[in-house]
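> Give me coordinates for this.
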Amino acid sequence: MPKLLLITASSAEIRTVRRSRFLNFQQITMPYLAARVPSHWRVIHIDEEAEEVNRNLEADVVGITFHTPSAYHAYDLAAHFRSRGACVAMGGPHVTLLPEEASQHADVVFIGEAEGLWEEFLMGFEAGEYRRTYRQTGVPSLKDVPMACKALFHRNDHTSGVLFATRGCPNRCDFCAIAVLYPNGLRKRPVAEVAAEYASFQGKVIIFWDDNIAGDRGYAKDLFRAITPYGKWWSSQASIHVGQDDELLEAAARSGCKQLFLGLESISQRSMAEVHKGFNRVEEYARTIERIHAHGIAVQAGIVFGFDHDTPEIFKDTLDFLEQTGVQNATFNILTPYPGTPLFRRLEAEGRILTKDWRKYNSRTEIVYQPKRLSRSELLAGFSYANERFYSLLSVAKRLSRSPVQLWWTLPLNLAYCASLKAARLHQGTGLLTVGIAARGR
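The predicted model follows:
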């Protein structure tokens with residue numbers, strides 16, 4: 001019986017960054033790939049967000065998927081298991097973005113989506129004949145996708161009910177790697193198949209691991225109607241367009257949607273135009289958030305700092321906006337040009353990429369390019385200020401009193417973040433940074 005070890009790799013550094021958040025979700029790539037493995041294989045999955053890799057495990061094949069900040073850690077794992085005689089296969093976002101680099105550390109690399117190629121490789125491995133490179137040149141069908149192997153999930157909390165309905169996004173934003181990873185635009189699984197997998201989870205809370213759940217509004221409405229009878233709660237990501245359709249929002253709310261992550265990115269229209277995300281009309285943000293709230297759905301805003309039009313005032317102005325609109329949660333990021341994206345190519349051509357040490361591409365603690373209208377210290381300090389102000393007791397009270405949507409869980413979550421940031425500030429002594437930024441923003 002051949003043995004397959006699947007690793008969802010996550011470096012110690014990126015785990016530290018992610019644990020500062022309370023909303024981290026089960027990764028699903030490997031459980032879905034495991035569903036395509038022949039039944040006579042023995043499969044083990046290790047998700048490093050949940051457990052350490054046992055380096056003494058024996059395996060015939062070791063499959064590793066990883067994002068850019070964990071690349072060097074993944075390469076170290078690969079070297080270790082190759083030294084023990086395993087065939088190491090790598091795939092996932094970073095491999096697709098930089099296949100030549102990854103191929104130096106693996107026996108096999110998968111470029112693009114793995115469906116079909118994965119099964120071909122496993123059959124070839126058993127026959128003693130397989131290629132070093134498997135490149136997806138077609139468009140894999142999302143019909144009859146096997147349900148993810150739930151036995152390989154390692155989290156049994158609120159994040160354990162995860163699946164996907166769509167893949168890719170119809171938009172082409174310069175800083176986003178999704179368009180590079182999935183160049184064929186938005187694709188959809190059959191509604192009935194998604195609903196069946198949705199119903200198969202025993203828990204009440206479900207996460208749709210989609211990049212844009214409402215990228216096709218007609219499909220989204222059909223999906224939401226199909227899952228309504230199961231009485232579960234769910235959350236996902238969507239573009240700003242979701243707030244332009246009351247029928248869509250009504251269907252989402254009826255089906256159990258409790259929160260939507262919106263990629264607002266910036267309150268500067270010039271910044272949105274700069275990265276080809278001009279469909280985000282800043283003047284419509286407040287009305288969009290209000291409409292989503294009116295249907296009882298909380299909003300988690302995705303905000304990015306460091307665009308070329310950002311000045312020191314962007315931090316205070318952004319926080320003022322988020323408080324005025326009563327946004328329940330927010331995720332702040334430092335602009336990070338991932339390799340292979342149009343943003344990376346532009347900044348590299350301009351000589352503004354400062355490092356290609358992928359460990360620093362975590363969007364939280366490092367700046368890997370030269371900002372235009374901010375110093376690097378201003379950008380880091382502004383990022384800290386945004387997090388600390390947003391999750392301060394005063395801001396929590398302002399935001400949640402203005403929009404008390406889903407208060408039963410958004411209040412405890414906000415208070416947990418508040419306590420966590422306070423503890424981190426006391427430990428690291430970063431409180432002084434926020435004073436200067438707040439003063440400049442007035």
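> Which element, helix or strand, includes residue 62?
Using DSSP states H and E, residue 62 sits in strand 61-65.
> which neighbours does that strand have in its sheet, and in what orientation?
Sheet partners assigned to strand 61-65 using DSSP bridges are listed as strand 3-8 (parallel), strand 87-91 (parallel).
> Of those, which stretch is the most buried?
Per-stretch averages of neighbours, counted by mean count of other Cβ atoms under 10 Å, single out strand 87-91 among the strands paired with strand 61-65, with a mean of 25. (Each C-beta comes from the backbone N, C-alpha and C, glycine too.)
> neighbouring contacts of it?
60-66, 74, 78, 81-82, 102, 105-111, 114, 121, 125 (Cβ atoms under 8 Å, 6 or more residues apart in numbering).
> distance of the closest residue to residue 282 other than its chain neighbours from residue 277?
The shortest distance from residue 282 to any residue other than its chain neighbours is 4.6 Å, reached at residue 269 (Cβ to Cβ, 6 or more residues apart in numbering). Here residue 269 is placed at a distance of 10 Å from residue 277 (Cβ to Cβ, to the nearest Å).
> Run through the strands of the stretch 101-250 of the chain in chain order.
For the stretch 101-250 of the chain, applying DSSP state E, counting those that start in this stretch gives strands covering 108-111, 133-135, 162-163, 166-167, 187-188, 205-208, 233-238.
> How far off centre is stretch 371-381?
Remark: stretch 371-381 is offset 24 Å from the chain centroid, using Cα atoms, centre = their mean, to the nearest Å.
> actually stretch 353-365, not the one I typed
Centroid separation between stretch 353-365 and its chain, computed with Cα atoms, centre = their mean, is 17 Å.
> can you give me the end-to-end distance of that stretch?
Taking Cα to Cα, to the nearest Å, stretch 353-365 runs 16 Å from one end to the other.
> Quick check: buried residues in it?
353, 358-364 (16 or more other Cβ atoms under 10 Å).
> Equivalent analysis for stretch 303-314, please.
The neighbour-count check on stretch 303-314 (16+ other Cβ under 10 Å) flags 303-308, 310, 312, 314 as buried.
> Identify, from these, the entry nearest to residue 390.
residue 303 (9.1 Å; Cβ to Cβ).
> What's opposite the closest one in the beta bridge?
In beta-bridge terms (that is, DSSP bridges), residue 303 pairs with residue 265, residue 332.
> mean confidence score for stretch 178-195?
The pLDDT scores in stretch 178-195 average 94.
> now that stretch, how far from the chain's geometric center?
With Cα atoms, centre = their mean, you get 16 Å for stretch 178-195.
> now do stretch 137-157
On Cα atoms, centre = their mean, the centre of stretch 137-157 falls 17 Å from the chain's centre.
> what residues does that stretch touch?
By Cβ under 8 Å, 6+ apart, stretch 137-157 touches 6, 26, 28, 30-32, 34-36, 43, 45-47, 49-51, 113, 115-116, 160, 162-163, 167, 184, 187-190, 193, 196-197, 200-201.
> tell me, how many neighbours does residue 390 end up with?
Other residues lying near residue 390 total 25 when counted by other Cβ atoms under 10 Å.
> and what of the one 3 residues further on?
Summarising burial for residue 393: neighbours were counted as other Cβ under 10 Å, giving 12.
> And residue 105, by the same measure?
Neighbours of residue 105 (other Cβ under 10 Å): 20.
> looking at it, it is touching residue 77, isn't it?
No: look at residue 105 against residue 77 with Cβ atoms under 8 Å: they stay out of range, at 9.3 Å.
> just to revisit the earlier point, which one of the strands of the stretch 101-250 of the chain lies closest to residue 388?
Comparing those under Cβ to Cβ, the one sitting nearest is strand 233-238, at 24.9 Å.
> List phi and psi for residue 364.
phi -130, psi -50 (degrees, to the nearest 10).
> Which residue comes closest to it once chain neighbours are left out?
Nearest residue to residue 364, sequence neighbours excluded (Cβ to Cβ, 6+ apart): residue 17, at 4.8 Å.
> And the contacts of the helix or strand that neighbour falls within?
Taking DSSP H and E as the criterion, residue 17 maps to helix 12-18. Here helix 12-18 makes contact (Cβ under 8 Å, 6+ apart) with 10, 24, 48-49, 67, 69-70, 73, 359, 362, 364-365.
> Save those as JSON lines, and put in secondary structure too.
Formatted as JSON lines, those follow (DSSP: H, G, I helix; E, B strand; the rest coil):
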{"residue": "10", "secondary structure": "coil"}
{"residue": "24", "secondary structure": "coil"}
{"residue": "48", "secondary structure": "coil"}
{"residue": "49", "secondary structure": "coil"}
{"residue": "67", "secondary structure": "coil"}
{"residue": "69", "secondary structure": "helix"}
{"residue": "70", "secondary structure": "helix"}
{"residue": "73", "secondary structure": "helix"}
{"residue": "359", "secondary structure": "helix"}
{"residue": "362", "secondary structure": "coil"}
{"residue": "364", "secondary structure": "coil"}
{"residue": "365", "secondary structure": "coil"}
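> Dump those residues into a markdown table; add distance to residue 88 and pLDDT as well.
Putting the contacts of helix 12-18 into a markdown table (distance: Cβ to Cβ, whole Å; pLDDT from 0 to 100) gives the following:
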| residue | distance to residue 88 | pLDDT |
| --- | --- | --- |
| 10 | 17 | 94 |
| 24 | 26 | 62 |
| 48 | 16 | 93 |
| 49 | 20 | 87 |
| 67 | 18 | 96 |
| 69 | 20 | 96 |
| 70 | 15 | 97 |
| 73 | 14 | 97 |
| 359 | 20 | 96 |
| 362 | 24 | 94 |
| 364 | 29 | 92 |
| 365 | 29 | 93 |
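> quick one: which of those residues is nearest residue 408?
Residue 408 has its nearest neighbour among the contacts of helix 12-18 in residue 24, at 20.9 Å by Cβ to Cβ.
> show me what contacts the residue nearest to residue 195 when sequence neighbours are not counted?
Nearest residue to residue 195, sequence neighbours excluded (Cβ to Cβ, 6+ apart): residue 226, at 4.2 Å. With contact set as Cβ under 8 Å, 6+ apart, residue 226 has these partners: 191-192, 194-195.
> out of those, who has the most neighbours?
residue 194 leads the contacts of residue 226 on contacts (other Cβ under 10 Å) with 23 neighbours.
> didn't it look like it was pressed against residue 206?
No: counting by Cβ under 8 Å, residue 194 sits too far from residue 206 to count as a contact (10.7 Å).
> Residue 69 and residue 317, how far apart?
Note on residue 69: its distance to residue 317, by Cβ to Cβ, is 29 Å.
> Ok, residue 41 next?
For residue 41 relative to residue 317 (Cβ to Cβ), the value is 55 Å.
> now do residue 139
42 Å.
> now swap in residue 154 and tell me
Noted for residue 154: a distance of 41 Å to residue 317, by Cβ to Cβ.
> before we move on, back to that, give the intersection of the neighbour lists for residue 194 and residue 206.
Common neighbours of residue 194 and residue 206 (Cβ under 8 Å, 6+ apart) are residue 163.
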